[in-house]
Structure formats: C-alpha cells, structure tokens
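Q: All I have is the shape, not the residue letters:
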C-alpha cells in the first residue's frame with residue numbers, strides 16, 4: 001500500500017501532529033514500507049500454528065522467598081508527619 005503526501009498530512013491532522021511540508025515525503029515512504037511489511041505478514045498462512053507468549057521455552061528461575069532486609073517501618077514512620085496504626089495519613093484528594 002502506497003501513501004501519498006496528502007495521506008500523510010491527513011493522518012498527521014487526525015493525530016493532531018504538526019509536520020513540516022518537507023517531511024511529508026519521507027514519512028510517506030516510511031509509512032508505506034511499514035504497511036507493505038504488514039501486508040506481507042498478513043499473507044502468510046498461519047493455519048495450525050499455535051500461539052505462544054514467548055518464542056523460547058525457558059522457565060523463569062525463582063529465588064527463595066526469604067526475608068533479606070530488616071523491618072525498618074518504625075524508623076521510616078518516625079519521620080512522617082502523620083501516622084496512625086502503622087499507616088501514613090495523607091490529605092484527602094477525592095471528595
């Protein structure tokens with residue numbers, strides 16, 4: 001699919017983007033190349049191809065669920081302006 005400079009200017013207007021007149025031709029060429037690539041990919045027969053989340057069959061290594069830091073909540077909350085029952089109190093934002 002080939003886009004003209006007029007098409008690019010219309011797309012830019014719809015996207016509320018301002019492009020220089022001198023940039024319309026290179027954008028038209030780049031966007032046309034992208035659309036041609038998408039058209040070629042759509043033409044590929046994917047019947048029987050199982051969708052996958054990741055191309056590699058790798059298993060995520062998990063770390064041991066262990067405490068690695070000391071509890072410093074009291075130290076941090078000592079510097080807070082308002083704390084109640086272990087929670088930081090902040091001004092109401094939504095009325």
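A: Arrived safely. Note that the structure is a prediction, hence the values are computed from the model and not measured. Numbers count the residues shown, from 1 in each chain.

Q: Could you measure from the most centrally placed residue in the chain over to residue 45?
A: Nearest to the mean C-alpha position of the chain, by Cα atoms, centre = their mean, lies residue 53 at 16.5 Å. Taking Cβ to Cβ, to the nearest Å as the measure, residue 53 and residue 45 are separated by 22 Å. No exception for glycine: its C-beta is placed from N, CA and C like everyone else's.

Q: Now do the longest helix along the chain, average pLDDT.
A: The longest helix of the chain (DSSP state H) is helix 24-42. Confidence for helix 24-42, expressed as mean pLDDT, is 94.

Q: After that helix, which helix or strand is next?
A: Downstream of helix 24-42, the first helix or strand assigned by DSSP states H and E is helix 73-77.

Q: contacts for that following helix?
A: 83, 86, 88 (Cβ atoms under 8 Å, 6 or more residues apart in numbering).

Q: gap between the next helix or strand after it and the chain center?
A: Per DSSP H and E, the first helix or strand lying C-terminal to helix 73-77 is strand 83-84. Taking Cα atoms, centre = their mean, to the nearest Å, one finds strand 83-84 lying 36 Å from the centre of the chain it belongs to.

Q: and strand 83-84, which strands flank it?
A: Strand 83-84 has the following strand partners under DSSP bridges: strand 87-88 (antiparallel).

Q: Look up phi and psi at residue 21.
A: Note on residue 21: its backbone torsions stand at phi -60, psi -30 [degrees, to the nearest 10].
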